[in-house]
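> quick check, what structure comes out for this input:
(one chain, ligands or ions: 2)
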Amino acid sequence: MTKLSVNINKIAVVRNSRGGNLPDVVRAATDIERFGADGITVHPRPDARHIRYDDVRNLARVLTTEFNIEGNPIPDFVALVLEVRPAQVTLVPDAPDAITSNAGWNTVAHREFLTGIAARFRERGIRVSIFVDPVPEMVAGAKACGADRVELYTEAYAREYAADPAAAIAPYLAAAEEARRQGLGLNAGHDLSLENLRYFVGRIPGTDEVSIGHALICDALYYGLENTVQLYKRELK
Ligand SMILES: CC(=O)[C@@H](O)[C@H](O)COP(=O)(O)O
Ligand SMILES: NCC(=O)COP(=O)(O)O
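Residues are numbered from 1 along each chain as shown. Ligands and ions are numbered 1, 2, ... in the order given. Got it, this is the predicted structure:
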């Protein structure tokens, strides 16, 4: 079954808006685990707009499910991940001023860089996932860099799903097939939601993990965190 990793960035956004520790992201994360999530994802950005490096350290001490740290492997990020040794690191090529992740890696053009970075993480027992657009060449390129998995960037799928689900999923079917051919694990994320999740994993049942933050935390405003985690888990059954 596809695992649900809950991205808690948006909980930190609320916390940071007031400067105190409410809501407590560590408590939220352990509650989310208790409510049935299979993992916790964070994406510490250089401007610390939401998750901060100290949050990552504090979370690593208490989490009991899979911890997935996403980000652009700038030197500070690499040092942090090597220090806390999560289950998985997801390499994302996000610019410091990007409002959110907006593209996958070009794994062919950046092969030398990504190969070196992936090797450093894998030596420490950290699974490496590379964030890519749903393009078979980029999936094959991730394998050539030494990745264990790819994470397919699902923003385009989510955007186009309502108009034509079959057309929206088509590039992802091809990318998933390439991942299978290459022996890579398969993750997916960005803008997945209660509306579009079931169709995605129904068409791509080999998806190992989805990481979901923005829509899930928005849903939690209406349904509560515990119910919402359960609602998302239900979509994955
Ligand atoms: C890689 C990815 O798609 C997510 O990490 C997403 O970028 C969430 O990050 P923000 O919460 O900063 O938008
Ligand atoms: N890797 C994707 C992620 O962690 C969450 O993305 P989103 O659901 O906040 O768009």
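> for the chain, longest helix please?
helix 165-182 (DSSP state H).
> just how off-centre is it within its chain?
Relative to its chain's centre, helix 165-182 lies at 18 Å (CA atoms, centre = their mean, to the nearest Å).
> one more: stretch 126-146?
On CA atoms, centre = their mean, the centre of stretch 126-146 falls 14 Å from the chain's centre.
> anything in it near ligand 1?
Yes: in terms of CB under 6 Å from any ligand atom, part of stretch 126-146 sits within range of ligand 1, namely residue 131. (Glycine included, C-beta is placed from N, CA and C.)
> any idea of the mean pLDDT in that stretch?
The average pLDDT within stretch 126-146 is 98.
> follow-up on the earlier one: only C-alpha atoms, please: export the longest helix of the chain in PDB.
Extracted C-alpha coordinates of helix 165-182, given in PDB (Å, rounded to 0.1, in the frame of the first residue of the first chain):
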ATOM      1  CA  PRO A 165      -7.900  12.900 -15.500                       C
ATOM      2  CA  ALA A 166      -6.700  10.500 -18.200                       C
ATOM      3  CA  ALA A 167      -4.700  13.200 -20.000                       C
ATOM      4  CA  ALA A 168      -3.400  14.500 -16.700                       C
ATOM      5  CA  ILE A 169      -2.000  11.100 -15.500                       C
ATOM      6  CA  ALA A 170      -0.600  10.000 -18.900                       C
ATOM      7  CA  PRO A 171       3.000  11.500 -18.500                       C
ATOM      8  CA  TYR A 172       3.100  10.000 -14.900                       C
ATOM      9  CA  LEU A 173       2.200   6.500 -16.200                       C
ATOM     10  CA  ALA A 174       5.200   6.700 -18.600                       C
ATOM     11  CA  ALA A 175       7.500   8.100 -15.900                       C
ATOM     12  CA  ALA A 176       6.400   5.400 -13.400                       C
ATOM     13  CA  GLU A 177       7.000   2.700 -16.000                       C
ATOM     14  CA  GLU A 178      10.500   4.000 -16.500                       C
ATOM     15  CA  ALA A 179      11.100   4.000 -12.700                       C
ATOM     16  CA  ARG A 180       9.900   0.400 -12.600                       C
ATOM     17  CA  ARG A 181      12.200  -0.500 -15.500                       C
ATOM     18  CA  GLN A 182      15.100   1.200 -13.800                       C
END
